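> got a predicted structure plus its sequence, pasted below:
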Amino acid sequence: MVVPPGGTMEPHVHRLPYFYVVVDGGEMRFGDSPWRPDDGEVEFYELAPGAEKRDPRMVNEGDRTHREIVVELKER
């Protein structure tokens, strides 16, 4: 995922387990909350079958591009 300065990632839904690794953090707004991820930050989300995780709109409020790798664990 790449979000340039002033760019957005629109709301979306995850239905499978996934994790992300922040490559280049930034000054992000995640919904109504500020998010200042560190480079190398990792977070894993385990989702039970049939569950879903809704992510709000994310906006890059800083002056550097936010980059992260998002890996969704697909079923066989």
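Alright, I've got the coordinates. Numbering: from 1, shown residues only.
> tell me what Val42 is bridged to.
Under DSSP bridges, the beta-bridge partners of Val42 are Val21.
> measure it to Arg67 for me?
14 Å (Cβ to Cβ, to the nearest Å). (C-beta placed from N, C-alpha, C; glycine too.)
> give me the common contacts of these two.
Counting by Cβ atoms under 8 Å, 6 or more residues apart in numbering, the residues touching both Val42 and Arg67 are Val22.
> more neighbours: those two, which one.
Comparing Val42 with Arg67 by neighbour count (other Cβ atoms under 10 Å), the higher total belongs to Arg67, at 16 against 12.
> quick one: residues contacting that one.
Contact criterion Cβ under 8 Å, 6+ apart gives Met1, Val2, Val3, Val22, Val23, Asp24 as the residues in contact with Arg67.
> before we move on, what about Gly62?
Taking Cβ under 8 Å, 6+ apart as the criterion, Gly62 is in contact with Pro5, Gly26, Glu27, Met28.
> from those residues, list the buried ones, please.
In the contacts of Gly62, burial by neighbour count holds for Gly26, Glu27, Met28, counting by 16 or more other Cβ atoms under 10 Å.
> quick check: Glu10 touching Pro56?
No - counting by Cβ atoms under 8 Å, Glu10 sits too far from Pro56 to count as a contact (9.3 Å).
> neighbour count winner among the two?
Of the pair Glu10 and Pro56, Pro56 is the one with more neighbours under other Cβ under 10 Å, namely 14 against 8.
> distance of the more buried one relative to Asp39?
When distances are taken as Cβ to Cβ, Pro56 and Asp39 turn out to be 23 Å apart.
> wait, what's in contact with the nearest residue to Met58 once chain neighbours are set aside?
Once its chain neighbours are removed from consideration, Met58 has its nearest residue in Met9; the separation is 4.3 Å (Cβ to Cβ, 6 or more residues apart in numbering). Neighbour list for Met9: Met1, Val3, Asp55, Arg57, Met58 [criterion: Cβ under 8 Å, 6+ apart].
> now distance to Glu75 too, for those, in CSV please.
Converted to CSV, the contacts of Met9 look like this (distance: Cβ to Cβ, whole Å):
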residue, distance to Glu75
Met1, 22
Val3, 28
Asp55, 20
Arg57, 28
Met58, 26
